[in-house]
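Undergrad: next comes the sequence, and after it the predicted model I'd like to discuss.
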Amino acid sequence: PLSPERLIPDAVAEIASPEFPGERLMVCPDPRLREERARRREELLSKTEESLREIAAAAARGKPGPGNRDRAFEALERRASRGKVEKQFRIEVRDDGVSWSRNRDRIAAEARLDGIYVVRTSLGAGDIGADRAVEACKALSRVERAFRTMKTSRLEVRPVFVYGEERVRAHVFLCMLACYVEWHMRRRLAPILFEDDAPEATPVETAEVSGRAKAKAKSKRTADGMPVHSMPTLLADLATLTLNEVELPAIPERPLTIASRPTKLQERAFGLLGIDPSKTVAMQMAGRKG
């Protein structure tokens, strides 16, 4: 059997199992997940022991007998089982009291699997490598987030106010295209958003928030002193940049379209996006006017 001690940190071990015929199994050791699960287990065990001490104290104050034992059983069912770790204890309920001890063999057996997760795939090694399979599985969370964005956020794929198969398909395609464009924008604008532009993680590890992202969240400022934005507030700020149509008295038949002067934040955002509003947008608008 595999355990964290036999696995190389940050590496993927590929195995096969008769229980999953025709599938490849990628075993991934995650040190951060291992530490977190060990911490949570000890926290739950300690809370359960606190409840057991209170139940034992109440049983010790009661009159020995079947009634006292039944009340102790009820208390155990009501309180000690909340953390779902009662199997990690050896509990003895008697007419005159309650005693317990940790089941250290069972606890150790569960701890050996801390930080290990398995990714299954039916694709062959020639179709996708082990590392890529793990990354693709982790990327599913981003796919789920994208669907939530389209259903409940600004894109609002529903309700659909169009009829006909082709028009509905076109509507959904445009929503997906907008979601794709926003994903790329978020990646480029990450330095000025509440986004982590430098997540600290290997392919198998749980991503940890970087120090830079923590600093942005705490100070609400970027490294160069600008206010940090969410995507909606940044888009609202960029929307204040206007296009002005200017007519010169000498040639009123040939108006000019000029963008207003951007703020420092807008300059920074457009710079990250690789856009020059004074050229790209204005020239396009002027071209349409002919």
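TA: Received, thanks. Quick caveat, the model's predicted, so the values are computed rather than measured.
Undergrad: longest helix of the protein?
TA: In the chain, with assignment by DSSP state H, the single longest helix is helix 31-61.
Undergrad: which strands and helices sit next to it?
TA: If you count contacts as 3 or more Cβ pairs under 8 Å, 6 or more residues apart in numbering; DSSP states H and E, helix 31-61 packs onto helix 66-75, strand 89-94, strand 97-102, helix 104-111. For every residue, glycine as well, the C-beta is placed using N, CA and C.
Undergrad: report the buried residues of it.
TA: By neighbour count on 16 or more other Cβ atoms under 10 Å, the buried set for helix 31-61 is 31, 33-34, 37, 41, 45, 48-49, 51-52, 55-56, 59.
Undergrad: quick one: the residue lying closest to residue 68 once chain neighbours are set aside and residue 70, what's the gap?
TA: Once flanking residues are discounted, residue 68 sits nearest to residue 62: 4.1 Å by Cβ to Cβ, 6 or more residues apart in numbering. Separation of residue 62 from residue 70 (Cβ to Cβ, to the nearest Å) stands at 10 Å.
Undergrad: so between the two, which is more surrounded?
TA: Per other Cβ atoms under 10 Å, whichever of residue 62 and residue 70 has more neighbours is residue 62, with 15 against 12.
Undergrad: so where's the stretch 151-290 of the chain uncertain?
TA: Counting by pLDDT under 70, the ranges of the stretch 151-290 of the chain that qualify are 153-156, 159-160, 197-209, 280-290.
Undergrad: one more pass at 50, please.
TA: 282-290 (pLDDT under 50).
Undergrad: need phi/psi at the closest residue in space to residue 216 that isn't next to it in sequence.
TA: Closest residue to residue 216 apart from its sequence neighbours, by Cβ to Cβ, 6+ apart: residue 228 at 5.0 Å. Torsion angles at residue 228 (phi, psi; degrees, to the nearest 10) stand at phi -80, psi 140.
Undergrad: closest to residue 12 out of the helices and strands packed on helix 31-61?
TA: Between residue 12 and the helices and strands packed on helix 31-61, the shortest separation by Cβ to Cβ is 21.7 Å, and it involves helix 104-111.
Undergrad: list of residues touching that closest one?
TA: 38, 41, 45, 87, 88 (Cβ atoms under 8 Å, 6 or more residues apart in numbering).
Undergrad: hey, where'd the helices end up in the stretch 101-250 of the chain?
TA: Taking DSSP state H, counting those that start in this stretch, the helices of the stretch 101-250 of the chain run over residues 104-111, 130-152, 165-189, 211-219, 231-238.
Undergrad: closest one to residue 25 among those?
TA: With Cβ to Cβ as the measure, helix 130-152 is the member of these nearest residue 25 (9.7 Å).
Undergrad: C-alpha coordinates for that closest one, PDB please?
TA: C-alpha atoms of helix 130-152 as PDB (Å, rounded to 0.1, in the frame of the first residue of the first chain):
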ATOM      1  CA  ALA A 130       0.200  11.900 -15.500                       C
ATOM      2  CA  ASP A 131       1.000  15.500 -14.600                       C
ATOM      3  CA  ARG A 132      -1.300  16.800 -17.200                       C
ATOM      4  CA  ALA A 133      -4.100  14.500 -16.100                       C
ATOM      5  CA  VAL A 134      -3.800  15.900 -12.500                       C
ATOM      6  CA  GLU A 135      -3.800  19.500 -13.800                       C
ATOM      7  CA  ALA A 136      -6.900  18.800 -16.000                       C
ATOM      8  CA  CYS A 137      -8.700  17.400 -13.000                       C
ATOM      9  CA  LYS A 138      -7.900  20.400 -10.800                       C
ATOM     10  CA  ALA A 139      -9.000  22.700 -13.600                       C
ATOM     11  CA  LEU A 140     -12.500  21.300 -13.400                       C
ATOM     12  CA  SER A 141     -13.100  23.700 -10.500                       C
ATOM     13  CA  ARG A 142     -12.500  26.600 -12.900                       C
ATOM     14  CA  VAL A 143     -15.000  25.100 -15.300                       C
ATOM     15  CA  GLU A 144     -17.600  24.900 -12.600                       C
ATOM     16  CA  ARG A 145     -16.900  28.500 -11.600                       C
ATOM     17  CA  ALA A 146     -17.400  29.600 -15.200                       C
ATOM     18  CA  PHE A 147     -20.800  27.900 -15.400                       C
ATOM     19  CA  ARG A 148     -21.800  29.600 -12.100                       C
ATOM     20  CA  THR A 149     -20.700  32.900 -13.600                       C
ATOM     21  CA  MET A 150     -22.800  32.400 -16.700                       C
ATOM     22  CA  LYS A 151     -25.900  31.300 -14.800                       C
ATOM     23  CA  THR A 152     -25.900  33.700 -11.900                       C
END
